[in-house]
Structures are given as C-alpha cells and as structure tokens.
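Visitor: build me a model from this:
(4 chains)
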Number of protein chains: 2
Amino acid sequence: MSTTKKILIADDEPDILEILEFNLTAEGYEVTTAKNGDEAIEKAKKTSPDLIILDIMMPGKTGIEVCNLLRMMPAFKETLIVFLTAMSDEGTEIKGLETGADDYLTKPTSPKVLLSKVNSLFRRLNKEESTVIKVGDIEIDREKYIVTHKGTDIILARKEFELLALLASKPGKVFLRNEILNQIWGTEVIVGDRTIDVHIRKIRQKLEMDCITTVKGVGYKFE
Amino acid sequence: MSTTKKILIADDEPDILEILEFNLTAEGYEVTTAKNGDEAIEKAKKTSPDLIILDIMMPGKTGIEVCNLLRMMPAFKETLIVFLTAMSDEGTEIKGLETGADDYLTKPTSPKVLLSKVNSLFRRLNKEESTVIKVGDIEIDREKYIVTHKGTDIILARKEFELLALLASKPGKVFLRNEILNQIWGTEVIVGDRTIDVHIRKIRQKLEMDCITTVKGVGYKFE
DNA sequence: ATATGGGTTAACAATTTCATAATACTATAA
DNA sequence: TTATAGTATTATGAAATTGTTAACCCATAT
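Guide: Numbers count the residues shown, from 1 in each chain, chains lettered A, B, ... in the order given. Alright, predicted model coming up:
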C-alpha cells in the first residue's frame, strides 16, 4: 500500500467504462480501461494493476477466459480480480468464483455500490498491517485506540484517532480528501466539506505539534 | 399489474428526454414528457402517472420544488417520485434532498441501468403489501415480529422492530425524524429528542451491521 | 414483594455544520 | 518581473445535531 492503487477496467460498453472511470478516478485511483479481453490482458501486463474489473460478456475473449489466462501468469497470482456480470445467472456467478476471481458484482450497479465494494476489497487487503505505528515521538496503537506522544497519553475521539492512524500509516504520502472520506467514512455516509478540516484541527490541537501538513487543493499528509 | 404503467419524465435537456422516452416506451411503459417544472405539474395532474422522474436542475421550478408541490396534493401522496441528479453533485449537495422522493438516479446513466431501476421500483411497489420484507441478508416478518440475519434470528423489542420495519420498507429513502415520530409514536404521543437515537443505536447493535445511515439534520435511511 | 425487560429521559461526549477569516493560487496589468 | 484583484481553498470558533451511557419508570412475570 505504498502508492496510488491502480485499477484496470474491461468492458465493451463505453458508457459503463466512462462512468466507472470517472468515479474511481475521483476516489484517487489510477484507472486504465480496455474495450475487450485482449486489450485487457495487454494493458494488465503493461500497467500491473492492483485490481482488475472484468465484464464477463465481451466480444472476443470473455472475462472468465481473461481471468484464467491472467491467473496462469505468476505476476497476477495475487492480483485482485472482480467480475462484472449482467446476468443474474447463478451458474455463471459460481463459475466465475471458481475461476479465481475475488468477488463479483452484478451489473447494472450504481457507482456508489461499486465504489464501496472496491474500497472494501482494498481495505480487506490492508488489514494485514501491524497494529502499532511509530513515527517520531508518536506511537499509535490501533488495537488499544491509544496515542502516546513522548510518553504521555493523548486522548483522541474515534474519528480523530482513525484519521490520524490513516495519515500516519503512510508518512509522507498525501491523502486526497476523497481518499480520506472513503477510508474513514465509507461511501454510504456523506459529510460536508469542512468536516475533515475540523478533525485535522483537533488532532493538531491535541498533539500540540504540526505533524500534519496541508497540501492545498489536494489533501493532507503526515510527517 | 396488467395495466400499462404510466411514467412522466421532466428534464430540460431534449436529448435526455428523447433517450429516456424511447427506452421506456420500448419497454412497454406509457411515457409523457415535460420540459420544465411547471409543465411537469400540469401534465402530472392530467395523466396521473404511476412514476414521475424529475431532473433536479431545471429552469423555473427545480425538481425538488416540483416534488414538494406534488406531495402536497393528496393525489400524489403515494405516487413514485424519482430524482435525476448529475453525477458531479453526487456526494456533496444531494444528501437530504431525496426526502420526499422514493429514490434517485445518477445521470448520465446508461439506458439499461435506468430501465432496471425503474423496473425494480415497480417491483418494490408490488411487494410492499407483503408482510415479509427482504433486503440483502436481512428478512423482516411483520406478522411474526421476527428479524432474521443470515439465517440467525435476532430479537428486537417492539419499538425497535417497528422502527426497523419502517426504514426497511423503503430502502434508500430518507425518513425525517418527524415522519418517524408520526409513523411509530403517532401525533398524540410526545417523546424526547434522543428517543429515536437510542432505538436506532440498539438496532445497530443487535444487527451488528451498519445498514442504517444517519443523514444529519434530516433523518435516517436504510440500505 | 422482587425481578426482569422495554421504553424513556437526562447528561455529557462526539460529530458535523455554519459563518467568517485567513491563506494560497491565477490571471492580468503595470 | 512585480503588483494586484479575483478566485478557490483551507482554518477557525461557535452552534447545531447526533451518539452513548446510565439511570429511571412502569408493566408484567416470577
């Protein structure tokens, strides 16, 4: 989880492609698109995406075939692969999962649903990190929900804690505002624009230190 | 069910209007169109549609205003009303705007997506009479007062049950706090401000899942 | 009578919004 | 280049709203 997540989407409907690309890009993902199975494989090799979203019904190679081919290559053994299927055909769904996909989504689905699925996939992948983060004088224990600065405990409210933990999980990385909203609030909940700022302010206040830097027009980072 | 369903669409973009009309007509619906809010109201009165699709951004009256006006008339108390919103405002300004509406759709969206949404809306309407509500993993039996989540029964107190059943009866719809009070407590009974919150909290706790979303300053919704 | 559980309330904490100020960014003019 | 006005973004303090916990009342069962 060091850099921006890359997603490859393959679908033969330009509309779908465009909507998904727009939404995922807005969340801070780096999106590549492909119009068919062959293009998908080619672009997968070229960009090494973290997640591949495959439509099942595509001219030429179907998503299932693409998935099979990718899984044969060592480079894509661990890559997240998700199927998009228009059919409510259960046989197909099962077949897809057996093939080595990590999840499947039924189409048509709203951008919101898709986003939250995608986010939760990555979140699941993320969980394997250590529970204690140490940066400079600060120690963050994700399990005990405790922050310590130079030995003294600092009490943070839940949201404040989560926000700090997120930023501190990758010191130096700039988190886009959208990225933060997705990670902490999820895609269901919608909050106003100033909410993040206020929490940031409280963290700065309580830590008595400016370890959070504002990157205007982009987001925040921890250092 | 056998009679043709009538749909009224209001949007100021002729292109959109035409595309939607074409597709919905092809699906067997009887479609009327309106180019602005006033025309929408006028045609709604004339044709008594089963479903009204309103663009939010329209010259003259906005879709929201139209919705409010229609909802004041007894004839349209039960009519399905759906908002069309531009994708770019999703997440920021929408929020509680869906208050009087039964659902909202993001634009631009492929005709396919729209069609399936419309179809499922009508399907939902038919099911509303039934005593058993099914949403995702949750099953609510209004008659037996039993809630089941992934096979295991969950015991809810009466008020908790009624509240959940109400919210789940229209997934996605935002229920105003007042609306909830009227539906569950009636107009006679007056209870404190925190009562709803406490019940919501207990439901969330027992369901072990966050399917109830808070819409600050407005109410709650189930998804 | 005593215990139990639902429903309500009250007090306080956490979260979010709102209005306004401060700041950085951009394009244009001098 | 430098200055400047206008725009966009973030910071801040206060207010509004919601979340949480514990306590209380009341009806019913033991």
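
Visitor: what's the nearest residue to A:Arg77 if we skip its chain neighbours?
Guide: Not quite, residue A:77 is Lys, not Arg. A:Arg71 (6.7 Å; CB to CB, 6 or more residues apart in numbering or on different chains). For glycine as for every other residue, the C-beta is placed from the backbone atoms N, C-alpha and C.

Visitor: separation between the one you found and DNA strand C?
Guide: 40 Å (CB to the nearest atom of the strand, to the nearest Å).

Visitor: element containing that residue?
Guide: Using DSSP states H and E, A:Arg71 sits within helix A:63-72.

Visitor: buried set for that helix?
Guide: A:Gly63, A:Ile64, A:Glu65, A:Val66, A:Cys67, A:Leu69, A:Leu70 (16 or more other CB atoms under 10 Å in any protein chain shown).

Visitor: tell me the SS of A:Leu156?
Guide: When classified by DSSP: H, G, I helix; E, B strand; the rest coil, A:Leu156 comes out as coil.

Visitor: re earlier: wait, the residue nearest to A:Lys77 sits on A:Glu65?
Guide: No: counting by CB atoms under 8 Å, A:Glu65 is not a contact partner of A:Arg71; they are 10.9 Å apart.

Visitor: what does A:Asp55 show for phi and psi?
Guide: With angles defined as degrees, to the nearest 10, A:Asp55 sits at phi -70, psi 140.

Visitor: tell me how many other residues surround it.
Guide: By the measure other CB atoms under 10 Å in any protein chain shown, the count of residues near A:Asp55 is 25.

Visitor: what's near enough to touch the closest residue to A:Glu162 other than its chain neighbours?
Guide: Nearest residue to A:Glu162, sequence neighbours excluded (CB to CB, 6+ apart): A:Ile184, at 5.1 Å. Residues near A:Ile184 by CB atoms under 8 Å, 6 or more residues apart in numbering or on different chains: A:Lys159, A:Glu162, A:Leu163, A:Leu166.

Visitor: report the contact partners of the last one.
Guide: Contacts of A:Leu166 were listed using CB under 8 Å, 6+ apart, and they are A:Phe175, A:Ile180, A:Gln183, A:Ile184.

Visitor: which parts of the helix or strand hosting it are buried?
Guide: Using DSSP H and E, A:Leu166 falls within helix A:158-169. Residues of helix A:158-169 classed as buried by neighbour count (16+ other CB under 10 Å): A:Lys159, A:Glu160, A:Phe161, A:Glu162, A:Leu163, A:Leu164, A:Ala165, A:Leu166, A:Leu167, A:Ala168, A:Ser169.

Visitor: my guess is the second one contacts A:Arg204. True?
Guide: No: under the criterion of CB under 8 Å, A:Glu160 is not in contact with A:Arg204, lying 10.2 Å apart.

Visitor: so chain A: which segments form each domain?
Guide: A:6-126, A:132-222 (automatic domain parsing).

Visitor: quick revisit: turn the buried residues of helix A:158-169 into a markdown table, including pLDDT.
Guide: Listed next are the buried residues of helix A:158-169 as a markdown table, based on pLDDT from 0 to 100:
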| residue | pLDDT |
| --- | --- |
| A:Lys159 | 92 |
| A:Glu160 | 93 |
| A:Phe161 | 92 |
| A:Glu162 | 90 |
| A:Leu163 | 93 |
| A:Leu164 | 93 |
| A:Ala165 | 90 |
| A:Leu166 | 89 |
| A:Leu167 | 90 |
| A:Ala168 | 89 |
| A:Ser169 | 83 |
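
Visitor: show me which of those neighbour DNA strand C.
Guide: Contacts with DNA strand C within the buried residues of helix A:158-169, counted by CB under 7 Å from any atom of the strand: A:Lys159, A:Glu160.

Visitor: for chain A, which helix or strand comes out least confident on mean pLDDT?
Guide: For chain A, scoring each helix and strand by mean pLDDT, DSSP states H and E identifies helix A:90-98 as the least confident one, at a mean of 43.

Visitor: A:Thr214 contacts A:Tyr220, correct?
Guide: Yes: using CB under 8 Å, A:Thr214 is in contact with A:Tyr220, at 5.9 Å.

Visitor: shared neighbours, those two?
Guide: Common neighbours of A:Thr214 and A:Tyr220 (CB under 8 Å, 6+ apart) are A:Ile200.

Visitor: quick revisit: now, which of the buried residues of helix A:63-72 sits nearest B:Lys117?
Guide: Closest approach to B:Lys117 among the buried residues of helix A:63-72 (CB to CB): A:Gly63, at 23.6 Å.

Visitor: name the nearest residue to that closest one, ignoring sequence neighbours.
Guide: Nearest residue to A:Gly63 in three dimensions, chain neighbours excluded: A:Leu54, at 3.5 Å (CB to CB, 6+ apart).

Visitor: what comes up buried for the host helix or strand of that neighbour?
Guide: For A:Leu54, the host element (DSSP H and E) is strand A:51-55. For strand A:51-55, a neighbour-count test (16+ other CB under 10 Å) marks A:Leu51, A:Ile52, A:Ile53, A:Leu54, A:Asp55 as buried.

Visitor: show me what that strand packs onto, helices and strands only.
Guide: Judged by 3 or more CB pairs under 8 Å, 6 or more residues apart in numbering or on different chains; DSSP states H and E, strand A:51-55 is in contact with strand A:6-10, helix A:37-47, helix A:63-72, strand A:80-85, helix A:111-126.
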